[in-house]
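Asks: next come a sequence and a model predicted from it.
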Amino acid sequence: MLENLTAQPADKILQLMQMFREDPRSDKIDLGVGVYKNAEGQTPVMRAVKAAERQLWEVETTKSYTGLAGDPGFHAAMADLVLGKTADAGQIAAAATPGGTGAIRQGLELIRMAAPDATIWLSAPTWPNHPSIIKYLGMNMVEYRYFDAETRAVDFNGMLTDLSNVKPGDVVLLHGCCHNPTGANMNAAQWQEIAALLLAKQAVPFVDIAYQGFGDGLEADAYGVRRLAKTLPEMLIAASCSKNFGVYRERTGLLMTVTQDVGKTALNQGTLAFLNRQNYSFPPDHGARLVTMVLTDDALRADWLSELEDVRLGMLKLRQQLSDALRKRTGSDRFGFLADHRGMFSRLGASEAQVQAMRESHGIYMVSDSRMNIAGLNEASIPILADAIVSAGV
Ligand code: LMR
């Protein structure tokens, strides 16, 4: 049987991680996988998470199962973080999942159960695992224009034009903030227009929000998802805690459905629990419990907010410094978009050959589509990257 297996396509982000590990150069620079790093290149456990972990060690008396959909306290704390007061608890069904990817996967399975023929609309480009999972599940997908390769901003007219072809019941996958891989994001007015368009088209939004707090701040980053929840009769949300709580390896995520028709919530909740049971039974709890403790304890929450804000402002500063360094070297503002982008990533707009040249000559690792993890930079590596960008002829 096993001889029938064939090699599966490699994930380019994970492949790059491997190449970086294997590069013996000590001055190599990792701008690949989306993991936050401080100026020393470390991914620390956040202070509030560490403190919660200490408390949990003292008070936790059992490792017995939680609920099939996870702990309702985690659902409530995360629903409040993502949706604020936009939706009532009675409108929301939720299931804890192994990370944001787990939430995407469970959300797609839910969609496949409810509407097997629905088409999933994806931004061009998007996180490569989106189309990979959709293809694996045998679902239909099509791309909508999102990124203008010239301006490195959102191609909003292209997006509107393409989404005007959405059919009733189709699903439109949107990045809640900090678009991965481009770093280009919609403003509030554009979110309003998209929400109105999806309503008119009777489409179902599915929002992937994995970087809340990394862009313009926790509240501002939730503007789009909240606008959709206010406007549309129903939607899905996949939220990740990997980045904003730094609990990557704990696999902490949440899938939510939000519906205006509160009579549907119990069925949605039961279906989410059923899907958990089919795929992995009970979801991981440790990360979810830490996140819940941080969000519901005033002191832990305040400390987390302050550290998250430092992380966000640190990335903004790196963006500005890189943009300034390139202005100085090129005498032009054509890299000004780096300071305008938000979140962990920016798509530089380099060709694959230029990306490869930077890797070979300077040990700089970015994804082949020229996505850079801004958090991989520090004051010492910015001039090296700026030189490499100029000498590669980007
Ligand atoms: C990324 O885009 O780099 C992260 O979301 C990590 C991953 O799993 O790809």
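Replies: Looks like it came in fine.
Asks: which residues of the protein lie near the ligand?
Replies: 13, 33-34, 127, 180 (C-beta under 6 Å from any ligand atom). Backbone N, C-alpha and C define where each C-beta goes, glycine included.
Asks: a markdown table for the residues you listed, including neighbour count, secondary structure and pLDDT?
Replies: Listed next are the residues of the chain next to the ligand as a markdown table, based on neighbours: other C-beta atoms under 10 Å; DSSP: H, G, I helix; E, B strand; the rest coil; pLDDT from 0 to 100:
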| residue | neighbour count | secondary structure | pLDDT |
| --- | --- | --- | --- |
| 13 | 19 | helix | 92 |
| 33 | 16 | coil | 94 |
| 34 | 23 | coil | 93 |
| 127 | 24 | coil | 97 |
| 180 | 25 | coil | 98 |
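Asks: of those residues, closest to residue 365?
Replies: Nearest to residue 365 among those: residue 33, at 9.3 Å, using C-beta to C-beta.
Asks: quick one, phi psi at the closest one?
Replies: phi -60, psi 150 (degrees, to the nearest 10).
Asks: now it: closest residue in space, sequence neighbours ignored.
Replies: Nearest residue to residue 33 in three dimensions, chain neighbours excluded: residue 17, at 5.0 Å (C-beta to C-beta, 6 or more residues apart in numbering).
Asks: can you give me the domain assignment for the chain?
Replies: 11-45+309-391, 65-296 (automatic domain parsing).
Asks: for these, which one ends up most surrounded?
Replies: domain 65-296 (a mean of 20; mean count of other C-beta atoms under 10 Å).
Asks: now that one, how far from the chain's geometric center?
Replies: Here domain 65-296 is found 9 Å from its chain centre; the criterion is C-alpha atoms, centre = their mean, to the nearest Å.
Asks: for stretch 37-46, same thing?
Replies: 19 Å.
Asks: for the ligand, what is the nearest residue in this protein?
Replies: residue 34 (3.0 Å; C-beta to the nearest ligand atom).
Asks: now that residue, nearest residue through space, not along the chain?
Replies: residue 344 (5.4 Å).
Asks: can you give me the pLDDT of that neighbour?
Replies: With respect to pLDDT, residue 344 scores 97.
Asks: again with residue 177
Replies: Listed pLDDT for residue 177 reads 98.
Asks: returning to what we had before: list the contacts of the residue of the chain closest to the ligand.
Replies: The neighbourhood of residue 34, defined by C-beta atoms under 8 Å, 6 or more residues apart in numbering, consists of 13, 180, 243, 344-345, 373.
Asks: grab the nearest non-local neighbour of residue 281.
Replies: Leaving aside its chain neighbours, residue 281 sits nearest to residue 68 (7.1 Å; criterion: C-beta to C-beta, 6+ apart).
Asks: pretty sure the one you found is touching residue 279, no?
Replies: No. Shown here, residue 68 and residue 279 do not form a contact pair, counting by C-beta atoms under 8 Å, at 11.1 Å.
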